[in-house]
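**Q** Provided below are the primary sequence and the corresponding predicted coordinates.
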Amino acid sequence: MLPKGFFLILRHHPGWGDRARQLAEHVCLRLAERPALRAFNAKQLASYNAHAGDLPFELIHGTACMISEVHRPGPALTLISEFPDETIHGAPFILAHDTQTAMVLAAVEALGLISPIP
């Protein structure tokens, strides 16, 4: 797998695109407040560019994201996070853990700000 740093995948049902965008913007803005994560993502994305060229996904406030509409049962919004953490220990593990925690807290905060579909 090519390095892309902390990566968010956001899937949404039809009619939920604006809310998905609001969720992604809010979460990524909160994550951008974390200097260690910004530095990690920048290094990973530079490596991606060196090996694969242009990014095939969007960067929102320095975090790689893929937002797509899906037509299947389940929740209207699904947020999936990926961190290259298969074999990390020590400080990198703490960064990964703290990033995942910050992402969840930011998503909960964002959902409280996003108006529901009537």
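**A** Yep, that arrived.

**Q** mind listing what's buried along the longest helix that the chain contains?
**A** Determined from DSSP state H, the single longest helix within the chain is helix 90-113. By neighbour count with 16 or more other CB atoms under 10 Å, helix 90-113 contains the buried residues Leu95, Ala96, Thr99, Ala102, Met103, Ala106, Ala107, Ala110. All C-beta atoms are positioned from the backbone trio N, CA, C, and that covers glycine.

**Q** and for stretch 20-30?
**A** Buried residues in stretch 20-30 (16+ other CB under 10 Å): Ala20, Arg21, Leu23, Ala24, His26, Val27, Cys28, Arg30.

**Q** where in the chain is pLDDT low?
**A** Within the chain, the stretches with pLDDT under 70 are 1-2, 85-86, 117-118.

**Q** for the buried residues of helix 90-113, which one is nearest Phe57?
**A** Proximity of the buried residues of helix 90-113 to Phe57 (CB to CB) peaks at Met103, which lies at 16.6 Å.

**Q** any idea whether the closest residue to the closest one other than its chain neighbours is helix, strand or coil?
**A** Among residues not flanking Met103 along the chain, Ser81 sits closest, at 5.4 Å (CB to CB, 6 or more residues apart in numbering). With DSSP: H, G, I helix; E, B strand; the rest coil as the basis, the three-state label of Ser81 is strand.

**Q** what's the distance between Ser81 and Thr99?
**A** From Ser81 across to Thr99, the span is 8 Å (CB to CB, to the nearest Å).

**Q** what are the boundaries of the strands in the chain?
**A** 7-12, 58-60, 63-69, 77-82 (DSSP state E).

**Q** so which bits of the last one are buried?
**A** Buried positions in strand 77-82, judged by neighbour count with 16+ other CB under 10 Å: Leu77, Leu79, Ser81.

**Q** show me the contacts for the last one.
**A** If a contact means CB atoms under 8 Å, 6 or more residues apart in numbering, then Ser81 has Phe6, Phe7, Leu8, Ile9, Gln100, Met103 as its contacts.
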